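Colleague: okay, predicted coordinates and the sequence, questions at the end:
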Amino acid sequence: MYITERIANYSRYRGAIEVKQDALPQHHTDELFDWNTNEAPADSTSSVQLYGAWKEFLGSASPYAYMWTHSYMHPYSDARAIDGLWDCTKHINRSIWGPRWKKKGDGIHATIVAERHKRSHELRGRLHFHVLVQKPNPDLGDERFTAIVNEAALWLRDDFNRPMSGLDRIDVRKVYDADGLAKYLTKDLQTTHWPNGDNIFFLRPKGPEGVVFHLKGNMELVSYH
């Protein structure tokens, strides 16, 4: 009997995933984990089950309109990277809904998939983010949303007043293929980097929710370089 797991409920307050098991007839699949990586694979059975659960969740949970990829120019700790993402999001919210966006309960709703850089020597191990954004406003055009995100990225500064990001570190694309996108974004779930799928969290008008992975500091991340 082949067992597959699906995500039944996400509690934003507990940061926990409730998983139900469904017994299905045994079958063969032509989906292979052919992603190139130097990381060790996670336990095969749990990895396959978790991969399928998150893939189903990302492919069907929300009507995502855009995928915004957010990366940095300098190496930052995990906490600083997440803070920078939230600062950028607040700037975007202000541009879309005005200075009273928070009091009115407005703001972006998004699902975030965090990944660690693998190729760049300077940024290896540091976080970047794929942000799956629900349509912020029915009257907001695609080009306008892209311009707002780019403007926010250029505005972002770190504690030394350096630009944190730039146009070459940002990418905004309209979502057409939710299933294919979900497969791409769950590629790291088969590695020891994220064995529990805990690199996925959420953006709400009040801030990031469901961040449950261990936040690594600069000293810990230096070992990746």
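Modeller: That came in fine, so what should we check first?
Colleague: contacts for the longest helix anywhere in the chain?
Modeller: Longest helix in the chain by number of residues, with DSSP state H as the criterion: helix 78-97. For helix 78-97, contacts defined as Cβ atoms under 8 Å, 6 or more residues apart in numbering pick out 70, 72, 76, 101-102, 104, 106-108, 112, 126-129, 131, 136-137, 140, 148-149, 151-153, 155-156, 158, 164-165, 203, 205, 207-208, 211, 215-217, 221. Backbone N, C-alpha and C define where each C-beta goes, glycine included.
Colleague: and those residues, which are buried?
Modeller: Buried members of the contacts of helix 78-97, scored by 16 or more other Cβ atoms under 10 Å, are 70, 72, 76, 101, 106-108, 112, 126-129, 131, 136, 148-149, 152-153, 156, 158, 164-165, 203, 205, 208, 211, 216, 221.
Colleague: give me the pLDDT for Leu24.
Modeller: Looking at Leu24, its pLDDT reads 32.
Colleague: over to Asn218: give its phi and psi.
Modeller: Here is the backbone geometry of Asn218 (degrees, to the nearest 10): phi -60, psi -40.
Colleague: do you know how far it is from Ala79?
Modeller: To Ala79, Asn218 is 10 Å away according to Cβ to Cβ, to the nearest Å.
Colleague: so what sits against both of the two?
Modeller: When Cβ under 8 Å, 6+ apart defines a contact, no residue borders Asn218 and Ala79 alike.
Colleague: the strands in this structure, which residues?
Modeller: For the chain, the strands defined by DSSP state E cover 2-11, 16-24, 64-70, 110-116, 127-134, 170-174, 200-204, 207-209.
Colleague: state the mean pLDDT of the last one.
Modeller: Rounded to a whole number, the mean pLDDT of strand 207-209 is 95.
Colleague: that strand packs against which elements?
Modeller: helix 78-97, strand 200-204 (3 or more Cβ pairs under 8 Å, 6 or more residues apart in numbering; DSSP states H and E).
Colleague: by mean pLDDT, show me the worst of these.
Modeller: Looking at the helices and strands packed on strand 207-209, the weakest mean confidence is strand 200-204, a mean of 91.
Colleague: in its sheet, what does that strand sit against?
Modeller: Sheet pairing here is set by DSSP bridges, and for strand 200-204 it gives strand 110-116 (antiparallel), strand 207-209 (antiparallel).
Colleague: list the buried ones in that strand?
Modeller: Ile200, Phe201, Phe202, Leu203.
Colleague: looking at these, which is nearest Arg144?
Modeller: Proximity of the buried residues of strand 200-204 to Arg144 (Cβ to Cβ) peaks at Leu203, which lies at 19.4 Å.
Colleague: need the contact list for the closest one.
Modeller: Neighbour list for Leu203: Leu85, Trp86, Thr89, Ile108, His109, Ala110, Thr111, Ile112, Val131, Glu209 [criterion: Cβ under 8 Å, 6+ apart].
Colleague: in contact with the fourth one, which residues?
Modeller: Under the criterion of Cβ under 8 Å, 6+ apart, the contact list for Ile108 reads Thr89, Ile92, Asn93, Ile96, Val133, Gln134, Pro136, Leu203, Pro205.
Colleague: which one of the helices and strands packed on strand 207-209 lies nearest to Arg144?
Modeller: Closest among these, using Cβ to Cβ: helix 78-97, at 8.9 Å.
Colleague: residue ranges with poor pLDDT in this protein?
Modeller: 1-55, 57-62, 188-193, 195-196, 225 (pLDDT under 70).
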